[in-house]
Structures are given as structure tokens and as C-alpha cells.
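Asks: model this:
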Amino acid sequence: MKIKIKTQRRNYERTLNLKTKLKRSHAEKIAALAKKQSQFIFNLSDYKLSPHEIILLGKGLKFVPTPKPPKNAELLQDWRDLVRRMRTKYKHFGKESKFHPFRKPIPKQWLPAMSYSHDLELYLEKTRDEISDLFMNQITNKAGQREDRSHVRKHDRYRDNLGTGERRAMASLKRNKHIVIKKADKGNTTAVMNRKDYITEGKRQLESSEHYCYTGTEINQDTSKTVHTILREMYEKKEIDKDTFEYLDPNKNGPIRTPELYLLPKIHKNPVKGRPIISGNGSATERIGAFLDYFLIPIVKRQNTYVRDTTEFIKIIEQTRLPKHAILVSGDITSMYTNVPHQEALDAVRAALENNSDLRYDIKRPKVDYLISLLNIILKTNAFKFDREIWLQILGAAMGQICSPEVCDITVHDLEIKVIEKAGQKILIWLRYRDDVFIIWLDTEDNLKTFMVEANQVHPTLKFTWEYSNQSVTFLDTTIFKGTRFETEGILDIKIYTKPTERYQYLHRNSSHPPSVFKGFIKGEVLRYIRNCSSKKNFEQKRDLFINKLTERGYNLQEIHKITESVEFSNRDSLLNKDNLKQKKKRGANKTPPLVFTTTYNPHITGLRNAIQKNWRLISENENLCKVFPKPPLIAYRKTKSIGDTLVKAKLDPLENTVPNLPNGTEANQHSATQVTENDDMLSILVTMLKSDPDTGLTP
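Replies: Residues are numbered from 1 along each chain as shown. Take a look at the predicted model:
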């Protein structure tokens with residue numbers, strides 16, 4: 001009997017030791033991974049993130065957790081939307097109305113009656129069955145017997161891309177109302193702030209009497225009535241058509257939502273400040289902002305200082321030969337959006353509209369007085385909430401309002417013309433993208449300094465910050481410098497500029513995105529490197545660094561090389577000269593929009609493209625249908641809920657009825673008993689993790 005008891009005890013101790021070793025091995029892996037992932041996180045809060053919370057946030061806010069298998073009804077509803085489009089297109093083929101930028105979409109609940117085309121209806125019926133079979137394959141066992149297996153992954157590659165600890169960490173961070181998680185203002189980085197610090201920074205900016213004033217009362221309903229009155233008058237006087245009126249009228253577009261102010265942490269500043277953004281989705285002025293923006297964009301493109309993007313900037317630079325003494329200057333208009341005076345913006349936009357009356361649009365442009373009335377409402381009734389308090393912006397345009405960039409561009413253009421006139425022939429090139437300015441100065445350095453001072457005396461609120469050099473400056477995402485090409489040809493060299501705060505938190509390969517997203521992302525970045533690097537050496541250095549960082553984000557080298565080798569630096573000239581924003585033919589003319597099947601991406605469903613195209617011969621072999629539908633439907637995926645969608649909100653949740661964070665080791669915070677920071681020692685991490693788990697047999 002004693003021998004038996006000793007044997008049992010020995011087996012128990014052996015099992016316990018093995019279990020302890022396994023726990024220790026798992027703890028080592030988690031701690032090492034957390035330490036590696038901490039480079040992607042700026043923890044500005046007092047809250048110490050647990051290893052699983054660090055791993056979760058290290059994946060990035062764009063990371064999409066594996067969704068649950070879809071329901072058959074969801075797939076069939078998506079198919080129903082395509083049925084509606086195909087029947088409508090068949091019924092109205094040859095009678096399509098002219099493209100209208102402000103027309104409400106057809107309600108999803110409406111479904112046209114069956115068409116008179118037998119082949120079309122047969123295709124729709126057969127394809128519906130094919131899509132249903134895709135769902136049935138997910139819930140049928142190997143013996144062909146139907147059973148509820150929706151919780152079972154069909155293939156290992158579709159297993160949950162978040163572990164149990166990470167799922168718990170996401171739930172924990174979502175419940176934690178004492179911290180605020182945001183994407184950093186610059187670079188692909190995640191920032192964590194104390195709620196109280198976040199609110200303090202917001203209040204610091206709001207209490208500036210120059211820009212904001214506290215109202216305490218809701219005015220958005222009054223704004224909605226004012227917008228409705230103006231739109232009604234415009235409609236009655238035939239300044240807008242019925243489609244536009246119904247699209248813009250806030251009374252016809254659901255409940256009015258009060259905009260929310262949120263801050264993006266400027267981690268490159270010391271101390272850290274916040275960039276104010278106003279989320280105006282569903283507000284009374286959201287749609288009239290888009291309406292006004294439609295008429296302002298072509299005006300901005302006509303400005304002689306306008307630069308569309310980096311590619312256009314590079315084309316201008318590489319076509320310009322400079323003298324040896326040229327000085328390179330880059331400037332920034334400080335807080336441009338929040339420093340544009342309202343009346344000045346109204347006057348500038350009015351003048352721009354009147355001076356560009358020859359522009360042609362797809363719809364009639366209303367009288368200037370009406371457009372200015374709408375802009376006046378947008379600028380002067382910009383009320384928003386922050387921490388459940390209502391404020392009103394009295395200076396500047398809201399970052400987040402659709403038309404704000406164009407309104408500021410037009411207003412600032414008047415300023416820069418005055419500044420350029422002061423310099424005369426001393427400026428060879430002046431280019432501006434939003435609030436970033438690039439100048440080639442042809443005079444002395446002393447005169448440049450004088451010019452910089454005088455430029456900041458032109459306007460009371462819009463000020464420039466300048467950087468200049470005889471060798472190199474940065475503009476947008478490029479560094480412009482005098483290299484070997486400048487010595488021989490007088491043309492500046494260009495290479496990629498990377499901000500010091502960049503942590504290369506690229507989209508993680510395990511994210512539940514369509515495969516085409518990863519391929520497109522890699523190829524797009526390499527093409528950008530080719531365009532933005534004038535020398536092959538700089539391109540290869542940047543590409544190799546990119547490849548190295550991708551491997552750290554879970555990408556396979558073979559997969560990366562297959563994509564990167566498909567593009568070559570020798571094609572740089574053709575890439576620069578290719579117009580990426582080709583003028584599209586008007587939809588009402590010779591080109592019609594493609595047929596698109598829109599659904600939510602789910603890795604559990606495979607073979608969707610084959611299911612849609614399997615019976616397409618019924619369409620392509622029909623003499624009439626092949627003219628209506630020349631190509632099979634494209635598949636477009638909706639955005640799936642990401643980590644950022646779960647953890648990042650514009651609105652601050654109230655603290656009422658929330659459990660405060662308790663010290664580590666207490667019952668309400670046991671999942672956070674282990675904490676990791678960048679300076680923690682690996683051994684102390686392991687000891688803490690093991691002590692917190694009673695199954696290891698170790699005691700605190």
C-alpha cells in the first residue's frame with residue numbers, strides 16, 4: 001500500500017513538474033513576443049499593459065480578427081442586392097439616365113419584379129443555389145450528413161488569428177474607460193493615453209477663446225431647420241433638382257447626430273499634444289459640405305501653386321534645372337485649418353466661384369449666393385461635443401468636414417499670392433500641398449531670412465514655419481537634395497523620407513483581409529519607392545528595409561519576392577509619366593459602371609468567384625444579355641470590423657457604471673496581473689507570470 005502511494009505521489013510530482021515546464025515555456029514565448037511587439041506602441045498612460053494586451057495592440061488597429069462563419073441569410077441578402085441591380089439594368093438598358101453625383105441609392109428592401117428574360121432569371125436562380133451550396137459545405141460533415149458545425153473551422157488556415165489571451169485582452173481594453181487608444185498623428189503607431197490627460201489636452205485647446213467658445217446648449221436641430229429652409233428655397237427656384245434636394249435635406253436622412261471632437265496624439269511633439277478632428281458623420285452639415293466640395297475641387301486644381309500629389313511634385317522637380325547657388329526651402333502653415341478666419345474664407349470662396357464660372361459640372365451649379373449661404377452655415381454653426389460638453393468653433397474650419405481642405409486651399413491661395421509678390425523674381429518655384437510649401441530660392445541667405453520674417457507679417461493668424469538648406473529639405477514623403485545628378489545636370493535628386501517616429505506597423509499578414517489586399521499593398525509600396533527615388537541605390541535600400549520589416553509582420557519571403565520582382569526600377573520613367581488619375585469618361589456616355597457583387601469578406605467561404613461565374617454562359621451566349629452585361633460581376637468586399645473599430649471611438653464613453661482598474665492580483669484584474677513595459681527584465685516577467693498562475697505550484 002505504501003509503495004502504491006509513493007508511486008502515485010511520484011507520478012503526480014512528475015506531472016506537476018512537466019506542467020510547470022510547459023507553463024514556463026509558454027510564458028517565455030508570450031513575454032518574448034510582448035517585448036518585441038512593444039515597439040509598435042506608445043504607452044503614454046499610467047496603465048501597465050499586460051503581455052497579451054501588448055501583443056494585441058502590436059498587431060495594429062487595422063488588424064481584422066477572424067470573423068465567425070457567415071449565416072446563409074447574409075450571403076443571400078448580398079446576392080439579392082446584385083439581383084436588384086441586374087434586373088434594373090436589364091429593364092432600363094439603353095435608357096440610362098445621366099450620371100448624378102447626389103442621388104440617393106435605391107432602398108435595399110425594394111426588389112424589381114422578375115424580368116422577361118428566361119436566361120437572366122435562370123442564371124440568377126442557379127447562382128443563388130450555388131451560393132447556398134457554399135454555405136451548406138460549411139455545415140456538412142464528411143459523411144454528407146447535415147449538422148450544425150458552424151463553430152468548426154473547415155481548414156487550419158482559417159483558425160482564429162487571435163489567441164484566447166488576446167481575445168480576453170481586447171475585451172479588457174474595451175471595458176477600460178480610464179485609458180484612450182488612438183492612432184498616432186504621424187506614422188503607423190498606436191498610442192495609449194490616460195483618459196484624464198486626453199481630456200485635459202482637449203480642454204486646453206477648447207479653452208482658447210480665440211478658436212472656441214462654450215455653448216452648453218444643443219444647436220444642431222436649429223442648424224438642420226436652417227439648412228432645410230435654404231435647400232427648400234433652392235429647390236423651389238430650380239437651383240437644385242429633386243434628387244439633389246432629397247439627398248441633401250437633413251430632414252430626409254435619419255436622425256441628426258451631434259459631431260464629436262477627438263484628438264490624434266502628436267507623439268513627435270514634446271510634450272505630446274493632440275490634433276483636433278471633428279467627426280461629423282450624420283450631422284446636419286455633412287451632406288451640404290460634400291455638395292459644396294464638389295464645386296470647389298476643380299477650382300483648387302486650377303491654382304498655379306497647386307500640386308496634386310508626390311508624383312506630380314517629382315515630375316515638376318525633375319523637369320527643372322537649377323543654378324548651383326539655389327537654396328531649398330520647405331514651409332508649413334501652422335494649424336492652417338483652425339486659423340482660417342470665417343469671413344475671409346467666405347470672401348475668398350465667393351471670389352473663386354465668380355472667377356471660375358466657366359467650369360462645367362454633371363449638374364447645374366447653383367447661384368453663388370446660395371453656395372455661400374451653405375458655407376456660412378458650415379463654418380459658423382460648427383457645434384460639437386467633447387466629454388459631453390457642447391462647444392462652438394468661432395475661428396477656422398473643422399478638420400473632418402468634407403469641404404474644409406478646399407475652403408482652406410482657396411483662402412490660403414490669396415495669402416500665398418501676396419507673399420510671392422513680396423519676393424518678386426527671387427522665387428523660382430513655389431508649390432503647395434494643403435499646408436506644406438516647397439520653394440526654390442534664387443537670392444542670398446540673408447534676403448531669404450528677411451523674406452521669411454515678412455511672410456509672417458502678411459496675415460494675423462496664418463503663419464509659416466520654415467526650414468531651408470543649401471543641400472537638402474523634406475517635402476511630403478520625400479527628401480529633395482543636391483546629389484550626383486545635380487552636379488552634372490542641375491536637377492535635384494529625390495529619395496523617400498521616413499519620419500523619426502515611424503515604427504513600420506504594417507498590416508499584419510495574419511489579419512483576416514482578402515489575399516488581394518496584401519498583394520496590392522506590397523506592390524503599391526514598391527511602386528511608390530520606385531517613383532520617389534531618383535537613384536537605384538536608394539530604391540534598393542528602401543525596398544530591402546521594407547522586405548525586412550514585412551517579415552517581422554508575418555509575411556513569407558517567397559510571397560514578398562514574387563510580388564517585388566514583378567516591378568523593376570528601369571520602368572521608373574513610365575511610372576512617373578503614367579497619369580494615375582486619368583480623366584474618366586462620363587458614366588452617361590460611352591462607359592457604364594461595372595457590375596459588382598458586394599459582400600463581407602469571410603475566410604470560411606471559398607469558391608465565391610467560381611459560384612458567380614459558373615453559369616455565366618447563360619448570359620454571355622444570349623444575344624441580347626451579352627450586350628447588357630458584357631462582363632461577369634466583380635467581387636468587392638466590405639470593410640470587416642477591425643481591432644480599431646472595437647477599441648477606438650470618437651466619443652468618450654461615460655465613466656458611470658464602470659469598474660475602476662484595481663491593483664494587479666485582485667479578482668477584478670487578474671488577467672492583468674502580469675505587466676510588461678519596454679524596460680522590464682525578462683526574468684522578472686517570467687517569475688511574475690508563473691506566480692500569478694496557481695497551477696504552476698509556485699507561491700508569490
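Asks: Name the SS class of Tyr637, please.
Replies: Reduced to three states with DSSP: H, G, I helix; E, B strand; the rest coil, the structure at Tyr637 is strand.
Asks: Need the nearest residue in space to it, chain neighbours excluded.
Replies: Ranked by C-beta to C-beta, 6 or more residues apart in numbering and with sequence neighbours excluded, the top spatial neighbour of Tyr637 is Tyr601, at 4.0 Å. Heads up, the C-betas are built off the backbone N, CA and C, glycines and all.
Asks: That neighbour contacts Ile635, doesn't it?
Replies: No. Counting by C-beta atoms under 8 Å, no contact exists between Tyr601 and Ile635, whose distance comes to 9.3 Å.
Asks: ok, back up a step: who are the neighbours in contact with the residue nearest to Tyr637?
Replies: 512-514, 637-638, 640 (C-beta atoms under 8 Å, 6 or more residues apart in numbering).
Asks: Which among those count as buried?
Replies: Burial by neighbour count, 16 or more other C-beta atoms under 10 Å: within these this picks out 512-513, 637, 640.
Asks: Show me which of those residues is closest to Leu75.
Replies: Proximity of the buried ones among the contacts of Tyr601 to Leu75 (C-beta to C-beta) peaks at Tyr637, which lies at 12.9 Å.
Asks: Across the sheet, point out what pairs with that closest one.
Replies: Assessed by DSSP bridges, Tyr637 has beta-bridge partners Thr599.
Asks: contacting residues for it?
Replies: Contact partners of Tyr637, counting by C-beta under 8 Å, 6+ apart, are 514, 598-601.
Asks: helices and strands of this protein: which one bottoms out on pLDDT?
Replies: With mean pLDDT, DSSP states H and E as the measure, the helix or strand of the chain carrying the lowest mean pLDDT is helix 682-691 (a mean of 37).
Asks: quick one: pLDDT of Ala171?
Replies: Reported pLDDT at Ala171 in the predicted model: 94.
Asks: Mind telling me what element it is part of?
Replies: When secondary structure is defined using DSSP states H and E, the element that contains Ala171 is helix 164-175.
Asks: That helix packs against which elements?
Replies: helix 51-58, helix 643-647 (3 or more C-beta pairs under 8 Å, 6 or more residues apart in numbering; DSSP states H and E).
Asks: among the ones you listed, which is nearest Ala423?
Replies: Put simply, out of the helices and strands packed on helix 164-175 the one that sits nearest Ala423 is helix 643-647, at 44.3 Å, with distance taken as C-beta to C-beta.
Asks: Contacts for the helix holding Ala171 next, please.
Replies: In this structure, residues lying in contact with helix 164-175 by C-beta under 8 Å, 6+ apart are 30, 50-53, 55-57, 65, 160, 162, 179, 181, 643, 646-647, 658-659, 671-672.
Asks: Next, the buried residues of that helix.
Replies: Applying a neighbour-count criterion of 16+ other C-beta under 10 Å, the buried positions in helix 164-175 are 165-166, 168-170, 172-173.
Asks: that older thread, let me have the helices and strands packed on helix 164-175 in TSV, adding mean pLDDT as columns.
Replies: As requested, the helices and strands packed on helix 164-175 are arranged in TSV below (pLDDT from 0 to 100):
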stretch	mean pLDDT
helix 51-58	93
helix 643-647	94
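Asks: so which of the ones you listed is the most packed in?
Replies: When you average the neighbours per residue for each of the helices and strands packed on helix 164-175 (mean count of other C-beta atoms under 10 Å), helix 51-58 leads with a mean of 26.
Asks: Let me know the angle separating that helix from helix 164-175.
Replies: 80 degrees (axes from the mean of the first three to the mean of the last three C-alpha atoms, to 10 degrees).
Asks: got the CA positions of helix 51-58 in PDB?
Replies: Listed in PDB are the C-alpha atoms of helix 51-58, where the atom choice follows Å, rounded to 0.1, in the frame of the first residue of the first chain:
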ATOM      1  CA  PRO A  51       1.600  40.900 -22.300                       C
ATOM      2  CA  HIS A  52      -1.500  39.800 -24.200                       C
ATOM      3  CA  GLU A  53      -2.700  43.500 -24.500                       C
ATOM      4  CA  ILE A  54       0.700  44.500 -25.900                       C
ATOM      5  CA  ILE A  55       0.600  41.600 -28.400                       C
ATOM      6  CA  LEU A  56      -2.900  42.600 -29.400                       C
ATOM      7  CA  LEU A  57      -2.200  46.300 -29.900                       C
ATOM      8  CA  GLY A  58       1.100  45.400 -31.600                       C
END
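Asks: continuing past that helix, what's the next helix or strand?
Replies: Towards the C-terminus, the helix or strand next in line after helix 51-58, according to DSSP H and E, is helix 72-91.
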